[in-house]
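Visitor: Sequence and predicted model, in that order:
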Amino acid sequence: MTRPPIGRLVALLCVMVFALGAIFVRLSVLQVSQADDLRDRAADQRVRTVALPAERGQILDRSGTRLALSLPARDVYADPRYVVDAWATATALSPVLDEPATSLVDKLTADATFVYLARQVGLQRADRIEELGLAGIGFLDATRRSYPAGPLAGQVLGFVNVDGEGIAGLELEYQDLLAGAPGERTQEIDPYGQPIVGGVDVLRPPVAGASLETTIDRELQFQAEAALRDAVEHQGARGGTLIVMDPRNGEILAMTSVPSFDPNRFAEADPAAYRNRAVTDMFEPGSTNKVITAAAAVQERALPLDERLSVAWTMEVGEFTIHDAHPHGVLRMTLGDIIAESSNIGAVHVANRVGADDMAAYLWRFGLGRETGVGFPGESAGITLPLTHWTDTTLATSAYGQGLAATPLQMISVYATIANQGRWVQPRLVRATIGADGTRHEVPPGGSRRVVSAETAEMVGRMLAYAVDHGTGTNARIAGYQVAGKTGTARIPLEDRPGYLEGQYVASFIGYLPAGDPQVVIAAILDRPAQGYGGLAAAPLFQRVARAAISRLGIEPAAPLPVPPHALPLR
Amino acid sequence: MSLPARELPSPRPPRGPRSEPARVLKPKRRKQHQVGFAVLASVVVGLLVLSIVVLHVLLAQQSFRIDEVERRAEVLRQEHLGLVTQQATLSAPGRIAAWAARHGMRLPDDIRILRASDDPGDPTGTGSASVGEERR
């Protein structure tokens, strides 16, 4: 027997070693360097992860009635690669999606692997589409925001975008709280897309968002909106704002502006209507600001309350001439008369007694020039000049509410301070949050501060009641109840240059009732009404809403406040 | 006294040549044992397999039942949401006011809020002494 040549054996060994080495190298590449990628690719083929949207929290009124809630819906998408006949598919989908077939064909033939055909489709419509059994059409779980009361409190609630994110109002302010956290479900599926029983099934459940319990009273909000809408229409005004607040705790019971919109169809509305003008817009408050002048004078004892000031109908201040609303001879007026008759000249005399330092301090203390912190996006701080920028005329114009700007919310807070015995309370729109498990968490009351003494507030309240009973605010009177309030007829500054619009005013009335035991404070503001004066245009609006508040809130009459020291005969 | 004579132990039988151990089976019997073991093992394994299959079937059935219950819960949740929405929509003040207006109802032009009189002699019960007239 001959032995094989050693050379062949060595060659064979080399070949085998080389082959094994190649296999080893390839295995190393697959098992080590490409292991993660290959594992992921394998998982992609048999494991499917589906996002589970979190249920957005609801927005409730103060009695728990739903003002905003989310409903289950589905997004309809197409993968154009798997669409067999684009025209036939589009023709079948068109009537269900209410979209022209040509538009759908464009989407179905797009050079993409994923195209939305419709977002937030109702479940019934989605089921109808699914029953069509169209190739290349798929569905994703989604939610759709609904506002069951339609336009009610639309500017307060705001709205969400197509991805369910709040982009205005409380929906935006409390986005993080309302949104919750989405979850996901990972499942092992067979080649037909069905879950494999016993296979991978990992569920990370979504965490539903918390709900908001607002301070809004749905019925009162409706009455306020109807009253404001009628007043704007009746007065031919450009717009208006109305706020109803509880002065004791700052809770806003109603807040609305005209123009308004329906958050269910916000895309169809003028974006200008989205603004919650009560919080975001400012105006020169005019005579409603005299309450600050009066409070400063009483608190600082700037003049005796029975002192009779000589009040002419015009006055020179620097290079300007200031005048009262109506010509009159020189009148002898107390501070109470000046408030009741809304005399600009009288207010300037009083402010001069108070002095610029104290006047500026009281404007600040009452909250002008700074945000209230109500918790609403886009809140304006208003405009008040710092004392160092005051000119000769600033003290005079501040006395009767021109040359400075405030939001309606700031101004109603001023009156709420007087109604609340001199203590300013931060206004608020949300009083509780309710977790997904139903646990209720009270939102602690906002800050408060003493602005004037209770005695000062009581005296100013007497002057405001006197203004309604015998002064410019008689159209706000309500039989059986004593109302305290103040009219305002403010000039409107030009936008492009210094000066004011001629013959056009912002008419306002801000007041509360019952004067002796204030339970509700109301601000009624109309932009350029036909009857320009606050006492004619805004006071009746206040009266109508105050009646609704009395009925809704069950407000009892209180003992009337006495008339303050006055010089003019009662009328 | 004489003692009985002790009985002498009987002599052991002589040991013969060493015989084959008794436990050594015959080939036929050994084969029977092997078959028995195989049957027993098969039964045990079979039972184990069967129990695993049964367990899997039960798990699968439970899984289907859980899926069904989850689906049912989801349907009920959606129905609940639908009803909640319907309730909120139907009770909306704007809708009620519009319905009332369509049926000819409207708010009176002049609403007066009257207090029941404390005076039992006041037949009107309006407490008119404390209620002033409004000026428009």
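Guide: Looks like it arrived, so ask away.
Visitor: May I ask which helix or strand encompasses A:Val17?
Guide: helix A:6-28 (DSSP states H and E).
Visitor: Centre of the chain to that helix, how far?
Guide: Averaging C-alpha positions (CA atoms, centre = their mean, to the nearest Å) puts helix A:6-28 77 Å from its chain's average.
Visitor: if I look at the residue nearest to A:Leu132 when sequence neighbours are not counted, how far off is A:Val83?
Guide: Computed as CB to CB, 6 or more residues apart in numbering or on different chains, the closest residue to A:Leu132 that is not its neighbour in sequence is A:Ala92, at 5.3 Å. For every residue, glycine as well, the C-beta is placed using N, CA and C. Distance, A:Ala92 to A:Val83, by CB to CB, to the nearest Å: 11 Å.
Visitor: neighbour count winner among those two?
Guide: Between A:Ala92 and A:Val83, counted using other CB atoms under 10 Å in any protein chain shown, A:Val83 has the larger neighbour count: 21 against 18.
Visitor: for the more buried one, what are its contacts?
Guide: By CB atoms under 8 Å, 6 or more residues apart in numbering or on different chains, A:Val83 lies in contact with A:Thr89, A:Leu108, A:Thr109, A:Leu134, A:Ala135, A:Gly136, A:Ile137.
Visitor: what about the stretch 151-300 of chain A, any weak spots by pLDDT?
Guide: Low-confidence segments of the stretch 151-300 of chain A (pLDDT under 70): A:192-193.
Visitor: State the helix or strand in which the closest residue to chain B within it lies.
Guide: The nearest approach of the stretch 151-300 of chain A to chain B comes at A:Phe222, 3.6 Å away (CB to the nearest CB). Secondary structure assignment for A:Phe222, by DSSP H and E: helix A:218-235.
Visitor: CA atoms only for that helix - export them in PDB, please.
Guide: Output of helix A:218-235 as PDB, limited to C-alpha atoms (Å, rounded to 0.1, in the frame of the first residue of the first chain):
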ATOM      1  CA  ARG A 218     -72.300  77.100  31.700                       C
ATOM      2  CA  GLU A 219     -75.700  78.700  32.100                       C
ATOM      3  CA  LEU A 220     -74.400  82.100  33.100                       C
ATOM      4  CA  GLN A 221     -71.800  81.900  30.300                       C
ATOM      5  CA  PHE A 222     -74.600  81.300  27.800                       C
ATOM      6  CA  GLN A 223     -76.700  84.200  29.200                       C
ATOM      7  CA  ALA A 224     -73.600  86.500  29.100                       C
ATOM      8  CA  GLU A 225     -72.800  85.500  25.500                       C
ATOM      9  CA  ALA A 226     -76.400  86.100  24.400                       C
ATOM     10  CA  ALA A 227     -76.600  89.400  26.100                       C
ATOM     11  CA  LEU A 228     -73.300  90.600  24.700                       C
ATOM     12  CA  ARG A 229     -74.200  89.400  21.200                       C
ATOM     13  CA  ASP A 230     -77.500  91.300  21.300                       C
ATOM     14  CA  ALA A 231     -75.900  94.400  22.700                       C
ATOM     15  CA  VAL A 232     -73.200  94.500  20.000                       C
ATOM     16  CA  GLU A 233     -75.900  94.000  17.400                       C
ATOM     17  CA  HIS A 234     -78.300  96.500  18.900                       C
ATOM     18  CA  GLN A 235     -75.500  99.100  19.300                       C
END
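Visitor: Distance of the residue in the stretch 1-150 of chain A that chain B sits nearest to relative to A:Ser28?
Guide: Distance from chain B to each residue of the stretch 1-150 of chain A (CB to the nearest CB) is smallest for A:Pro148, at 3.4 Å. For A:Pro148, the distance to A:Ser28 equals 64 Å [CB to CB].
Visitor: Report whether stretch A:427-445 contacts chain B.
Guide: No. On the criterion CB under 8 Å from any CB of the partner chain, stretch A:427-445 is out of touch with chain B, staying 13.0 Å away.
Visitor: where in the chain is pLDDT low?
Guide: This is for chain A. A:1-4, A:192-193.
Visitor: Please refer instead to chain B.
Guide: B:1-26, B:109-136.
Visitor: let's see it at 50
Guide: The model of chain B has pLDDT under 50 over residues B:1-3, B:123-136.
Visitor: who touches A:Val430 in this structure?
Guide: Neighbours of A:Val430 in contact, by CB under 8 Å, 6+ apart: A:Leu170, A:Tyr174, A:Leu212, A:Glu213, A:Thr214, A:Thr215, A:Gly375, A:Val443.
Visitor: go again using 6 Å as the cut-off
Guide: Going by CB atoms under 6 Å, 6 or more residues apart in numbering or on different chains, A:Val430 touches A:Leu212, A:Thr214, A:Val443.
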